[in-house]
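*Asks:* Below are the sequence and a predicted model for it; my questions follow.
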Amino acid sequence: MMRTLWIAVCAVPLAASAADPAEITVFSAGALQSGLVKVVDQYRRSTGAKVKVQFGTAPQLAKRLDSDEVADVLIAPPGLMDALASKNKVDAEGRVVVGRIGIGVAVRAGAPEPDIATLDRFKDALLKADSIVYNEASSGLYLENLFDLLGIGESLKPKTMRYASGADVFTQIIQSDRNEIGFGPITEIRQFEPKGLKLVGPLPAQIQHYTSYSAAVMTNAAVTEAAQEFVRYLGTPTAKAILAAAGID
């Protein structure tokens, strides 16, 4: 289920004849939530705009857009963005790069941490784990192919669990008393650390994978001009600094 974040807005004083600021509806990949929440709050305080953000995995976003749900702005990884651009559903020329996020390794807080300092140790830790847990989104697709390339894919399949979202992955790990190793965007892992998750570290450098995210205005946007202004803001130094502080390069 997609998580909806409502950014509350107090109206800025306007002349009696002025129109209320347009509400911008944003569909965004969930991995960006920790940084995007703060960017939206800064944008609201700077402009008085109203922004409603709904977060989900790329497959969830695609399903909602395929069912003709309407958003003004989409923030998504290249696969989904390119697919929608080919259908003329997003303004490809106005696309703005938001940032990129690497994949991290996670365990339950208090559980023994696997040794992932080298590629060989990383592979050994996975083979010794009771189960491996990761999502069905872009980072999960990368991991599935990676394990095959490392020659351990077949050994891991019987003990691999896949979930639709990072939240489901991390909840499984937190609630389990087994030796489970989980994977997901580093930003999402950090969000769950107060709930009982532990970030062991990023994938070893030689196999690290970054998912990039960009923003674009939907061609059927209800508030095109306001949406374009918000997308442009995501490319400003102010927005980039906020995102970088949240681990979004």
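*Replies:* Thanks, I have the structure now.

*Asks:* For the one residue sitting closest to the centre of the chain, give its distance to Tyr43.
*Replies:* When Cα atoms, centre = their mean is applied to the chain, the residue found nearest the centroid is Ala31 (1.7 Å). Per Cβ to Cβ, to the nearest Å, Ala31 is found 19 Å from Tyr43. C-betas here are computed from N, CA, C, even on glycine.

*Asks:* sorry, back to before: the residue nearest to the centre of the chain and Ile101 touch, don't they?
*Replies:* Yes. Applying Cβ atoms under 8 Å as the test, Ala31 and Ile101 come out as touching, 5.2 Å apart.

*Asks:* if I look at the two, which residues touch both of them?
*Replies:* Residues touching both Ala31 and Ile101 (Cβ atoms under 8 Å, 6 or more residues apart in numbering): Pro185, Thr187, Thr211, Tyr213.

*Asks:* Tabulate the residues you listed in TSV, adding columns for pLDDT and distance to Ile242.
*Replies:* Shown next, in TSV, are the shared contacts of Ala31 and Ile101 (pLDDT from 0 to 100; distance: Cβ to Cβ, whole Å):
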residue	pLDDT	distance to Ile242
Pro185	92	17
Thr187	92	13
Thr211	91	19
Tyr213	96	14
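
*Asks:* Pick out whichever of those sits closest to Thr118.
*Replies:* Proximity of the shared contacts of Ala31 and Ile101 to Thr118 (Cβ to Cβ) peaks at Pro185, which lies at 22.7 Å.

*Asks:* what's the burial count for the closest one?
*Replies:* A total of 27 residues lie near Pro185 under the criterion other Cβ atoms under 10 Å.
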